[in-house]
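Chemist: sharing a model that was predicted from the sequence below.
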Amino acid sequence: MRLRVNNVTRDRLLADRAERAEHFMDRLMGLMGRRSLAMGEGMYILPCNSIHTFFMRIPIDVAFLDAEGVIVKQFSALPPWRATSVYFKARSVLELPAGTLEASGTQEGDRLHFEPTP
């Protein structure tokens, strides 16, 4: 399923082609093996409260979200071969191309909204 992701706090589009990873294998594989991630693309992982970038080839922006879609922790340009802590308030994670969060002014405390795209 493809999603459109908006930062409603800042009225900014973060992605219009984010993939939703709900099943175990989709969550396990995530963005591993991808050589690039274009602006507008992303991965929404649900449920999730920690990630790793092992076997990844690109840095990514990461937003950990609570049950209401509020960012509780974020990372800009998280490099390959890293692991995050577990964020107990987080229920999901949005992974985006590096630079997306900074370019949109997105910050912890912002609320995101997800809607399916055809």
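Modeler: Perfect, I can see it now. As the structure is a prediction and not an experimental result, all values here were calculated from the model. Numbering: from 1, shown residues only.
Chemist: okay, now residue 107: neighbour count?
Modeler: A count of neighbours around residue 107, defined by other CB atoms under 10 Å, yields 14. Every residue, glycine included, has its C-beta placed from N, CA and C.
Chemist: list the contacts for it?
Modeler: Residue 107 sits next to 71, 74 when contact means CB atoms under 8 Å, 6 or more residues apart in numbering.
Chemist: where exactly do the helices run in the chain?
Modeler: In the chain, the helices defined using DSSP state H lie at 24-29, 100-104.
Chemist: weakest of those helices in terms of mean pLDDT?
Modeler: When these are ranked by mean pLDDT, helix 24-29 comes last with a mean of 70.
Chemist: could you check the pLDDT of residue 68?
Modeler: 98.
Chemist: need phi/psi at it.
Modeler: phi -100, psi 0 (degrees, to the nearest 10).
Chemist: that one contacts residue 110, doesn't it?
Modeler: No. Between residue 68 and residue 110 there is no contact under CB atoms under 8 Å: 11.5 Å.
Chemist: more neighbours: those two, which one.
Modeler: Comparing residue 68 with residue 110 by other CB under 10 Å, the one with more neighbours is residue 110, at 21 against 8.
Chemist: contacting residues for that one?
Modeler: 7, 8, 9, 10, 70, 71.
Chemist: with residue 101 instead?
Modeler: With contact set as CB under 8 Å, 6+ apart, residue 101 has these partners: 14, 61, 63, 74, 76.
Chemist: kindly indicate the member of these with the most neighbours.
Modeler: Going by other CB under 10 Å, residue 63 tops the contacts of residue 101 with 30 neighbours.
Chemist: residue contacts, that residue?
Modeler: Taking CB under 8 Å, 6+ apart as the test, what residue 63 contacts is 71, 73, 74, 93, 94, 96, 101, 106, 112.
Chemist: and these as a markdown table, adding distance to residue 19?
Modeler: As requested, these are exported to a markdown table (distance: CB to CB, whole Å):
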| residue | distance to residue 19 |
| --- | --- |
| 71 | 19 |
| 73 | 21 |
| 74 | 19 |
| 93 | 12 |
| 94 | 11 |
| 96 | 12 |
| 101 | 18 |
| 106 | 19 |
| 112 | 15 |
